[in-house]
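S.K.: 3D, please:
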Amino acid sequence: MNDRRSIFWMRRDLRAHDNVALHAALSASDEVICVFVYDRTILDDLPRTDRRVAFIHASVAEAGAQLARLGGKLLALEGDPARVIPELARRHDAGRVFANEDYEPSARRRDAAVGAALERDGRALLLSKDQVLLHRDEVLSKSGTPYTRFTPYYRAWLQRLGQDERILGDHDPAPLKARLAAPADGASNIPLDQLGFDTVDLEGLSLYPGTTGGRRVLREFEGKVGDYMARRDALALPATSGLDIHLRFGTLSVREIFRALGRRRDVNDASVAGWIREVCWREFFSQLLFHVPRVADGPYLDKYAKLDWIDGAEGRKRLDAWKNAATGYPIVDAAMTQLNTTGAMHNRARLVAGSFLVKTLGVDWRAGEAYFALKLNDYDQASNNGNWQWVASTGADAQPPYRIFNPASQSRTYDPDAAYIKHWLPALASIDARDLHEPWKRKEPIPDYPAPIVDLADATEACRRRYAAVGRQA
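M.R.: Numbering: from 1, shown residues only. Take a look at the predicted model:
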């Protein structure tokens with residue numbers, strides 16, 4: 001076994017630049033072999049048209065090109081990483097495998113299996129922090145316990161960032177590039193169709209893969225970040241950052257984004273701070289999932305396990321109408337059409353659609369979470385779970401149960417001219433905006449558009465009774 005030969009295992013960090021694990025491998029080794037594994041335990045359950053796989057595939061190609069320009073090579077393999085990575089280490093007689101840590105329960109189980117297999121061979125798996133600025137136990141309360149309320153976590157998180165400028169440091173591989181290996185055997189990527197997936201028009205969906213795509217989106221956001229707080233909730237405006245998918249798959253490091261925004265002195269500080277606060281929610285949910293992994297399968301607040309959800313035939317009918325954009329509530333149906341068509345959904349629309357499923361239709365939040373997991377381009381388990389439990393009032397520091405998003409008032413406030421609705425539901429383009437906020441009040445039904453699946457007042461009262469019953473039992 002060669003302790004000076006290592007493997008860098010690329011996962012949700014699809015880039016060569018500012019990659020902590022890659023830099024750690026290069027710093028500690030004489031020779032580093034880089035690999036990406038198309039994980040069949042995940043891919044085999046996905047549809048052929050999955051947009052995320054196409055995005056990953058294109059990003060792997062660019063990451064491979066980046067490493068090639070540095071004199072290295074990215075090996076692309078497929079299979080179960082618990083088998084593939086130990087076999088690769090044995091084949092190349094590598095003593096250590098470096099990778100960036102993933103905090104999702106399934107990823108932790110995978111890494112435990114890989115680490116155990118390597119250890120049996122006398123090798124080691126070494127994990128680095130990369131996908132978040134602060135992780136696990138870096139932000140704890142004074143009593144040494146994880147935070148379960150966001151605001152104190154946010155204050156402590158900001159304080160911790162301000163104490164150590166190295167957190168935002170740049171891990172440039174170029175000075176150590178001579179240590180990159182370029183094995184003659186093995187392909188640098190695997191054709192998408194060979195993996196079992198169809199080609200996707202990513203640019204047509206405004207999905208720009210790789211670091212090149214991430215930096216393009218970052219530049220665009222820098223140009224409009226000054227208006228972020230004023231415009232981010234406007235459904236018809238492209239005012240959000242668009243960086244979610246790049247953070248999810250690591251085509252751009254979160255440190256590079258923060259360094260770029262930190263250089264901006266010509267924008268409204270409140271807007272930059274507002275966006276940073278949203279990033280902190282991502283890290284709050286990440287550390288919560290790490291410390292309380294049971295939230296992946298059930299409510300954070302145990303009492304809400306007793307909620308009397310509407311299930312059976314009626315529950316399936318309501319869930320199907322929601323999935324298929326046929327609820328009779330235009331703002332919800334527009335949001336679901338955007339999701340089904342593009343794999344994206346405006347952040348405000350996610351809250352509206354999520355609250356509608358859980359509190360207006362009375363369907364278990366886990367059904368909505370699972371559907372978003374299947375459809376969202378930027379799906380991240382911690383954030384998806386955290387946000388669904390927030391709207392369902394079952395999570396840590398969630399909205400109170402009596403807060404029920406009214407789709408009509410949300411529509412009037414955040415899409416007053418119904419521009420968002422008409423864009424995603426073009427069949428309604430000729431209908432007056434006033435009638436699209438509350439179509440059930442229109443004198444005549446909207447042609448070829450479903451009637452509301454539930455009465456809003458009745459559904460709201462039923463929601464209050466459902467949560468109140470749990471409160472009485474607690």
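S.K.: which residue sits closest to residue 364, ignoring its sequence neighbours?
M.R.: Nearest residue to residue 364 in three dimensions, chain neighbours excluded: residue 309, at 4.2 Å (C-beta to C-beta, 6 or more residues apart in numbering). All C-beta atoms are positioned from the backbone trio N, CA, C, and that covers glycine.
S.K.: my read: that neighbour touches residue 319, true?
M.R.: No: if you go by C-beta atoms under 8 Å, residue 309 and residue 319 don't touch, sitting 10.4 Å apart.
S.K.: picking up where we left off before, my read is the residue nearest to residue 364 is in a helix, agree?
M.R.: No: according to DSSP: H, G, I helix; E, B strand; the rest coil, residue 309 belongs to no helix; its state is coil.
S.K.: who's in contact with it?
M.R.: 315, 362, 363, 364 (C-beta atoms under 8 Å, 6 or more residues apart in numbering).
S.K.: Three-state assignment for the second one, please.
M.R.: Reducing the assignment to helix, strand or coil with three-state DSSP, the entry for residue 362 is coil.
S.K.: and it, what does it touch?
M.R.: By C-beta under 8 Å, 6+ apart, the contact set of residue 362 is 309, 310, 315, 318, 459, 462, 463, 466.
S.K.: Swap in 7 Å and give it another go.
M.R.: When contacts are counted by C-beta atoms under 7 Å, 6 or more residues apart in numbering, residue 362 touches 309, 310, 462, 463, 466.
S.K.: pLDDT weak spots in this protein?
M.R.: Along the chain, segments meeting pLDDT under 70 span 1, 264-268, 472-474.
S.K.: Okay, now the sheet partners of the strand or helix carrying residue 78, with direction.
M.R.: Assigned by DSSP states H and E, residue 78 belongs to strand 74-79. Here strand 74-79 has these sheet partners by DSSP bridges: strand 31-39 (parallel).
S.K.: Please list the outside residues in contact with the partner strand.
M.R.: Strand 31-39 has contacts (C-beta under 7 Å, 6+ apart) with 4-10, 25-26, 60, 67, 72-79, 81, 84-85, 88, 92, 94, 179-181, 183, 190, 195.
S.K.: Separate out the buried members of these.
M.R.: By neighbour count, with 16 or more other C-beta atoms under 10 Å, the contacts of strand 31-39 hold 5-10, 25-26, 60, 67, 72-78, 81, 84-85, 88, 92, 94, 179-181, 195 as buried.
S.K.: among the residues you listed, which are in strands?
M.R.: For these, the ones inside strands are 5, 6, 7, 8, 9, 10, 74, 75, 76, 77, 78, 94, with DSSP state E as the criterion.
S.K.: Pick out the most distant pair among those residues.
M.R.: Farthest pair in these (C-beta to C-beta) is 5 and 78. Separation: 23.0 Å.
S.K.: what sits against the nearest residue to residue 437 once chain neighbours are set aside?
M.R.: In this structure, residue 437 finds its nearest non-sequential neighbour in residue 411, 4.4 Å apart by C-beta to C-beta, 6+ apart. Applying C-beta under 7 Å, 6+ apart, we find residue 411 in contact with 330, 331, 437.
S.K.: What helices and strands are in contact with the helix or strand hosting the second one?
M.R.: Meaning residue 331. Residue 331 is part of helix 330-342 when elements are defined by DSSP H and E. In this structure, helix 330-342 makes packing contacts with helix 347-355, helix 407-414, helix 419-424, judged by 3 or more C-beta pairs under 7 Å, 6 or more residues apart in numbering; DSSP states H and E.
S.K.: hmm, 10 Å instead?
M.R.: helix 312-323, helix 347-355, helix 365-375, helix 407-414, helix 419-424, helix 433-437 (3 or more C-beta pairs under 10 Å, 6 or more residues apart in numbering; DSSP states H and E).
S.K.: Now do the SS call for the residue nearest to residue 199 when sequence neighbours are not counted.
M.R.: For residue 199, the nearest residue in space outside its immediate sequence neighbours is residue 192; the separation is 6.2 Å by C-beta to C-beta, 6+ apart. With three-state DSSP as the basis, residue 192 sits in coil.
S.K.: shouldn't residue 192 be in contact with residue 200?
M.R.: Yes: the criterion here is C-beta atoms under 10 Å, and residue 192 meets it with residue 200 at 8.7 Å.
S.K.: what distance separates stretch 377-390 from the centre of its chain?
M.R.: Relative to its chain's centre, stretch 377-390 lies at 6 Å (C-alpha atoms, centre = their mean, to the nearest Å).
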